[in-house]
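Undergrad: pasted the sequence and its predicted model underneath.
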Protein chains: 2
Amino acid sequence: MSTPAVVLVSGGLDSATVLASARRSDFDCHAISFDYGQRHRAELQAAAKVAASLGAIEHRVIPIDLSAFGGSALTDEAIAVPETGVVPDEIPVTYVPARNTVFLSLALAWAEVLGATDLFIGVNAVDYSGYPDCRPEFIRAFERLANLATRAGVEGGAFSVHTPLIDLTKAEIIRLGLELGVDYGQTVSCYQADEAGRACGVCDSCRLRRAGFEAAGVADPTRYR
Amino acid sequence: MSTPAVVLVSGGLDSATVLASARRSDFDCHAISFDYGQRHRAELQAAAKVAASLGAIEHRVIPIDLSAFGGSALTDEAIAVPETGVVPDEIPVTYVPARNTVFLSLALAWAEVLGATDLFIGVNAVDYSGYPDCRPEFIRAFERLANLATRAGVEGGAFSVHTPLIDLTKAEIIRLGLELGVDYGQTVSCYQADEAGRACGVCDSCRLRRAGFEAAGVADPTRYR
């Protein structure tokens, strides 16, 4: 019998690779996505495709409207998505306040009900280190919280938050995913993808992704508009 | 100028007292409630009344459907609300998986956007110690997480999660609230309150509340059906 795990699947390149990695380790994967008011809605359709094709045993989309709070280019139409290609010294405007804390908390709630103590998330500290909630110390603090917060923690179950990508470059992530059979043509990374999931090619997320395929020396399957 | 704070207001007796306590400390209080699929819907109307009468400068209700996960008598119609009056040795069935983790995470997201680093929550470790996410060690772990998770934390702002009730008995909470002008007739604690907010009088939450008024030696303003 396999061990159940909750895997955060956004529809992007990174989380697809994470799901493939969790499947390789033989976890029964319960995929979770969040409809949080993101302007790039196509990623939710991409998440459903990715979950199905990589063998998740179920996929749930949880509505949680972070745009009610605002404060990010990803949820607030009044803040422009950056297209400079330059990673800023400070936290980027695409940072969504407390996003990974909220997402991991909801994944934890589901894990408790499922009897799972393994969570998977595609955070990465190499290519894009500006987000505070992508750092290893954040992940360790969340594990500690999970063990204090829950019935399973109190009863001795030790939660693990797996971050298989945390030390990989974008090119290494892509090579890993291809090895594991990920079809990156299904994934959407663009911050302003159109309804058909076609990428703009100029936002910072598109630039980072394209550079990753170049560095990995493989063809870029992204559909640009 | 006052300091902004985010205050979790459920509509119950405890969180009303917390809001009054935060106001006494001169915080500008942004009240937040959660529509999480709880069967006792009347508490959301109570939360709005409490927020207005105790001087919150705004009140938001965030929909987050924890009943999608199930696993608790408070969100799953298939699990009965306990009416024994006996606090069990184990974690009660009214425990909602990871509830306070989810609620504090969402409060944190709002706090970041508001520029607030103070959160208030009415957890209590005395009368009802069966919930893992009401313990002081959970609260300290969340503060630590908040400082790693957020822009404000990275930039040096230290989050405080205030828990003014944590060491008080129900009777002490009631005395404190009366001193601060809380109208407990506006609050709803019952796990199965009817639509008009009238309490059943027999669920564990009703019993605990009634015993609190008795121990405090004051009249119980609860509307029973």
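TA: Cool, got the structure. Everything numeric in this text was worked out from a predicted model, so none of it was measured. Residues are numbered from 1 along each chain as shown, chains lettered A, B, ... in the order given.

Undergrad: make sure I have this right: A:D194 is in a strand.
TA: No. The assignment for A:D194, made by DSSP: H, G, I helix; E, B strand; the rest coil, is coil rather than a strand.

Undergrad: the top helix by length along chain A - contacts with which helices or strands?
TA: Across chain A, the longest stretch assigned as helix under DSSP state H is helix A:99-114. If contacts are counted by 3 or more C-beta pairs under 8 Å, 6 or more residues apart in numbering or on different chains; DSSP states H and E, helix A:99-114 sits against strand A:3-8, strand A:27-35, strand A:118-120, helix A:136-149, helix A:151-154, helix B:99-114, helix B:136-149. Any C-beta I mention is one placed from the backbone N, CA and C, and that applies to glycine too.

Undergrad: lowest-confidence stretch among the ones you listed?
TA: Per-segment mean pLDDT for these reaches its minimum on helix A:151-154, at a mean of 79.

Undergrad: among the helices and strands packed on helix A:99-114, which is nearest A:P221?
TA: Closest to A:P221 of the helices and strands packed on helix A:99-114 is strand A:27-35 (C-beta to C-beta; 21.0 Å).

Undergrad: give the pairing partners of the closest one; include direction for each.
TA: strand A:3-8 (parallel), strand A:58-63 (parallel) (DSSP bridges).

Undergrad: just the angle for the first one relative to helix A:99-114, thanks.
TA: Right, strand A:3-8. Angle of strand A:3-8 versus helix A:99-114, following axes from the mean of the first three to the mean of the last three C-alpha atoms, to 10 degrees, is 150 degrees.

Undergrad: beyond strand A:3-8, next helix or strand please.
TA: Using DSSP states H and E, the helix or strand that follows strand A:3-8 towards the C-terminus is helix A:13-24.

Undergrad: specify the residue positioned farthest from the middle of chain A.
TA: For chain A, the residue at maximal distance from the C-alpha centroid (C-alpha atoms, centre = their mean) is A:E155, at 29.2 Å.

Undergrad: for that one, phi and psi?
TA: Torsion angles at A:E155 (phi, psi; degrees, to the nearest 10) stand at phi -80, psi 10.

Undergrad: and it, what's its pLDDT?
TA: Looking at A:E155, its pLDDT reads 80.

Undergrad: and it, what does it touch?
TA: By C-beta atoms under 8 Å, 6 or more residues apart in numbering or on different chains, the contact set of A:E155 is empty.

Undergrad: and A:E90, what pLDDT?
TA: On the pLDDT scale, A:E90 gets 61.

Undergrad: again with the one 5 residues further on
TA: With respect to pLDDT, A:Y95 scores 69.

Undergrad: before we move on, what about A:G85?
TA: Looking at A:G85, its pLDDT reads 58.

Undergrad: neighbours of A:R41, just the number please.
TA: 16 (other C-beta atoms under 10 Å in any protein chain shown).

Undergrad: from B:S67, how far out is the residue lying closest to A:D183 once chain neighbours are set aside?
TA: Once flanking residues are discounted, A:D183 sits nearest to A:S53: 6.4 Å by C-beta to C-beta, 6 or more residues apart in numbering or on different chains. Relative to B:S67, A:S53 is positioned 29 Å away (C-beta to C-beta, to the nearest Å).

Undergrad: surely A:D118 touches A:T3?
TA: Yes. Between A:D118 and A:T3 there is a contact under C-beta atoms under 8 Å: 6.4 Å.

Undergrad: higher neighbour count, the two?
TA: Neighbour count, other C-beta under 10 Å: between A:D118 and A:T3, A:D118 has more, with 19 against 13.

Undergrad: contacts only, for that one.
TA: A:3-6, A:27, A:111, A:159-160, A:162 are the contacts of A:D118 under C-beta under 8 Å, 6+ apart.

Undergrad: just the buried residues of the residues you listed.
TA: A:4-6, A:27, A:111, A:159, A:162 (16 or more other C-beta atoms under 10 Å in any protein chain shown).
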